[in-house]
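> Sequence below, structure please.
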Amino acid sequence: QLDACLSEIFVLLNREVDLYRYSPGFPEFTVRICQRLRKYSKETKNGKYRAYSRGCIELCEKYSAEATKARSKLNEAPKDIKRLEALKPSNVPSMRERYEASIAKEKRLEQASQPALSDAAKKRARSEATKQKDERDDDEPKSKKAKKKKQKKEKVEVNQKDLENVDALEEDDEVQEGIDWDSDD
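Below you'll find the predicted structure:
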């Protein structure tokens, strides 16, 4: 599970870096990312994740250099620019299109990495899943209805004598006045 989690983190991080690469503030955005990835790369003993982090660092540095170069051609300071993708060339697709393309690519890769199942195995898996679903559906409604009925019955039971006891409001409190709560005694 940890392996799948860390792999997904690096996929998402690379996707994020790729999406914001045309932002004028990209170099500042990646400074902290690179710092944390360098620290992680030094601390981890797993070569696979060290390679992932180095790849992401190299990608950040490459895109940062491009953004800095393109930013130098702007007339305004990066903080004054209102457009998110001010550095994007006209022939490059928009952020949404790049995002959808990366999602589609990941889905294709995921499907390609799945083991191929025979038709008989697929049918067995479907029939077992429907049986389990039917069993759960049969069990759940009965237990939920029974619980709701019990809860309603418990809520309805109220002691009428307590409600009619108006004299309780006029009784004196049993609290003694003058107790010093600050003392250790």
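
> ok, Phe26 - how many residues close by?
For Phe26, the neighbour count with other C-beta atoms under 10 Å is 22. Every residue, glycine included, has its C-beta placed from N, CA and C.

> let me redo that: Pro89
Pro89, neighbours per other C-beta under 10 Å, totals 8.

> Same check on Cys56?
With other C-beta under 10 Å as criterion, Cys56 counts 22.

> same deal with Leu19?
Residues within reach of Leu19, counting by other C-beta under 10 Å, total 16.

> what about stretch 18-34, how long is it end to end?
14 Å (C-alpha to C-alpha, to the nearest Å).

> buried stuff in that stretch?
Neighbour-count burial for stretch 18-34, counted by 16 or more other C-beta atoms under 10 Å, picks out 18-27, 29-30, 33-34.

> residues in contact with that stretch?
If you take C-beta atoms under 8 Å, 6 or more residues apart in numbering as the criterion, stretch 18-34 is touched by 13, 17, 56-57, 59-61, 63-64, 66-68, 71, 74, 78-79, 81, 84-88, 92, 95, 98-99, 102.

> Now with 7 Å, please.
Stretch 18-34 is contacted by residues 17, 57, 60-61, 63-64, 67-68, 71, 74, 78, 81, 84-88, 95, 98-99, 102 when judged by C-beta atoms under 7 Å, 6 or more residues apart in numbering.

> Now, these that are in helices?
17, 57, 60-61, 63-64, 67-68, 71, 95, 98-99, 102 (DSSP state H).

> Which of those scores worst on pLDDT?
Across those, the smallest pLDDT goes to Met95, namely 80.

> Look up the closest residue to it, ignoring the ones flanking it.
In space, and not counting its chain neighbours, Met95 is closest to Leu19: 5.5 Å by C-beta to C-beta, 6 or more residues apart in numbering.

> Can you check the distance spanned by stretch 40-50, start to finish?
8 Å.

> Show me which residues of it are buried.
Tyr40, Ser41, Tyr49, Arg50.

> ok, now stretch 75-88?
Pro78, Ile81, Glu85, Ala86, Leu87, Lys88.

> so what's the second one up against?
Pointing back at Ile81 there. Ile81 touches Pro24, counting by C-beta under 7 Å, 6+ apart.

> Now do the phi/psi pair for it.
According to degrees, to the nearest 10, the main-chain angles of Ile81 amount to phi -80, psi 130.

> ok, now how distant is it from Cys60?
Remark: distance between Ile81 and Cys60 (C-beta to C-beta, to the nearest Å) = 20 Å.
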